[in-house]
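Undergrad: Quick one: sequence plus predicted model below, questions after.
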Amino acid sequence: MAEAITLHPRDTVAVLPARADAGSTPLGTGAPLAHPVSAGHKLARVAMAEGDPVIKFGQIIGRASAPIAVGEHVHSHNVSYSEHDEAHQIGADLARAEAAIPDIAPRSFMGYARDDGRVGTRNYIALCATVNCSATVIKCAASEITAEGALDPYDNVDGVVAFAHGTGCGMAASGRGADSLERVLWGHATHPNVGAAIFVGLGCEVMQIARMEAHFGSAGTERFHALTIQETGGTRATIEAIKAKLREILPQANKASRSACPVSALRIGLQCGGSDGFSAITANPALGVASDLIVGQGGGVILSETPEIHGAEDLLLRRTTPEVAEKLLGCLDWWEVYAAQGGGSMDNNPSPGNKQGGITTILEKSLGAVAKAGATPLRAFYDYAEQVRTPGLSFMDSPGYDPVSATGQIAAGAQIVVFTTGRGSAFGSKPAPTIKLATSDRLMEAMPDDMDIGCGDILSQGVSIADKGEEIFEAILRFASGEKTKSEDLGLGDNEFQPWQIGAVM
């Protein structure tokens, strides 16, 4: 069988590239395996006593909870989560990170140049519910007008998308929860991938439509419209009113056309979900190379999923400024309290699927997840769904739950989301399309209709991380120019709009 993979000279474990049978000795030493071990899982390179550190990527990912022999399977049954080193060296690698920014010739993609200076990769009309009570009417209006063929004459309109959610009332009218939802709604309505938007409320909810209307004047355009069910005459009347407004809007939205736009206009959301033991070896570091290429063009990439950098934060803190570091560390402290309030801990992640794929602790998962961010400086920290204006690598606070995290990144301005997965994901998003990267050949073969790019050839064919990163970068430009992703072909994205509901439900 193929040789087990050692990722760093200090590592006390190696990763299996393929399934090992019971009775085999994949490391060529140690006792034969007592049971089959799946691909992506770890074997001990050295003997470990109880309490010894388990090292992968050259970093501690946990401690042995029982003695571990050479060649033995290393996983949840004999490894426990441990506190990580928090003696942060802020800015220690900042100069090296600055030097890592690629100096490459400017590239372009075919995008929609908007009046506010931003650039879209798609051209949707958005229906935004301010409250769950108006979710049904916007979904019905979007479905009916599409089924009636009203969009057929308008080739430059990608569709009508209904942003329905489960909140907007039974919540505090001010504070972080209300501010977050407002940013999500306004961020989607004003998104560069949206040509026009209609806000729809019930009329008596906490998230009053007047909050959105207060923004209209400052937006300086005629792209925004609003109505409420109570003032329009009820459910059926509101569906018809929305459809009538859409027919009025469509000709104007269709006037948008693609033109050559600089890559510096792109903001890319970085996501991973259903991770496995190969995520940190193939897809995530390759996406990191693509992220660096976007940054080298003057564009921006957005790393999120705060619980999934826990234990690996020093990799970011070493390449940022004290001001950004203070915000990130304060955010991580908040998450410790937030998790405890819900009866959880930061090690409640990884998920059962992650563990089946070979990931043992959150420390191991986080070290792999941060690889998506490449090697350039961390320039800025943003709250959830806050507009990301800074070029380069930014961090946006969010849960690790993919729909909630991606919703925040899109509200922040990401025109494309790139999503790595090892176990397999059926995720998609609108109005920003999702590009999915498979970590292994097995997954690419198992879910060919869902995966856009396979990264398993890094192991199976010796493709370099750098070359795969270039491939991902070129694919980003193609998809940004209008090529459809697999998730778009499948119609995914309507149900993945999930604002983060922060605070008490009352």
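TA: Good, I have the coordinates. Numbers count the residues shown, from 1 in each chain.
Undergrad: And the spatially closest residue to Cys204 that is not a sequence neighbour, how far from Leu202?
TA: Closest residue to Cys204 apart from its sequence neighbours, by C-beta to C-beta, 6 or more residues apart in numbering: Gln230 at 6.8 Å. For the C-beta atoms, the positions are set from N, CA and C on the backbone; glycine is no exception. Per C-beta to C-beta, to the nearest Å, Gln230 is found 6 Å from Leu202.
Undergrad: Look at the two and report which has more neighbours.
TA: Leu202 (22 against 13; other C-beta atoms under 10 Å).
Undergrad: Find the nearest non-adjacent residue to that one, please.
TA: Cys133 (3.9 Å).
Undergrad: Tell me if the one you found really is in a strand.
TA: No: Cys133 sits outside any strand when classified using DSSP: H, G, I helix; E, B strand; the rest coil, being helix.
Undergrad: Would you state the helices of the stretch 151-300 of the chain in chain order?
TA: 176-189, 209-219, 229-232, 235-253, 283-296 (DSSP state H, counting those that start in this stretch).
Undergrad: Which strands or helices does the fourth one pack on?
TA: When contacts are defined as 3 or more C-beta pairs under 8 Å, 6 or more residues apart in numbering; DSSP states H and E, helix 235-253 packs onto strand 124-129, helix 135-147, strand 194-201, strand 224-228, helix 229-232.
Undergrad: Next, format these as CSV and append distance to Phe427 and mean pLDDT.
TA: Shown next, in CSV, are the helices and strands packed on helix 235-253 (distance: least, C-beta to C-beta, whole Å; pLDDT from 0 to 100):
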stretch, distance to Phe427, mean pLDDT
strand 124-129, 18, 98
helix 135-147, 20, 98
strand 194-201, 20, 97
strand 224-228, 29, 94
helix 229-232, 31, 98
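Undergrad: Point out the most buried one among the helices of the stretch 151-300 of the chain.
TA: helix 283-296 (a mean of 26; mean count of other C-beta atoms under 10 Å).
Undergrad: Give the next helix or strand downstream of that one.
TA: Per DSSP states H and E, the first helix or strand lying C-terminal to helix 283-296 is strand 300-303.
Undergrad: And that following strand, what's buried?
TA: Residues Gly300, Val301, Ile302, Leu303 are the ones in strand 300-303 that count as buried (16 or more other C-beta atoms under 10 Å).
Undergrad: In its sheet, which strands sit next to it, and in what direction?
TA: strand 267-272 (parallel), strand 392-396 (parallel) (DSSP bridges).
Undergrad: who wins for proximity to Pro350 among those strands?
TA: strand 267-272 (11.3 Å; C-beta to C-beta).
Undergrad: would Asp31 count as being in a helix?
TA: Heads up, residue 31 is Ala, not Asp. No: judged by three-state DSSP, Ala31 forms no part of a helix; its state is coil.
Undergrad: so it makes contact with Ile68?
TA: No: Ala31 lies out of contact with Ile68 (C-beta atoms under 8 Å); the separation is 11.2 Å.
Undergrad: Give me the spatial nearest neighbour of the spatially most central residue of the chain, chain neighbours excluded.
TA: The C-alpha lying nearest the average C-alpha coordinate of the chain belongs to Gln271 (C-alpha atoms, centre = their mean; 2.6 Å). Once flanking residues are discounted, Gln271 sits nearest to Phe419: 4.3 Å by C-beta to C-beta, 6+ apart.
Undergrad: and for the lowest-mean-pLDDT helix or strand in the chain, what are the contacting residues?
TA: In the chain, no helix or strand scores lower on mean pLDDT, DSSP states H and E than helix 209-219, which sits at a mean of 79. With contact meaning C-beta atoms under 8 Å, 6 or more residues apart in numbering, helix 209-219 is reached by 128, 130, 182, 185-186, 189-190, 199-201, 203, 224, 226, 228.
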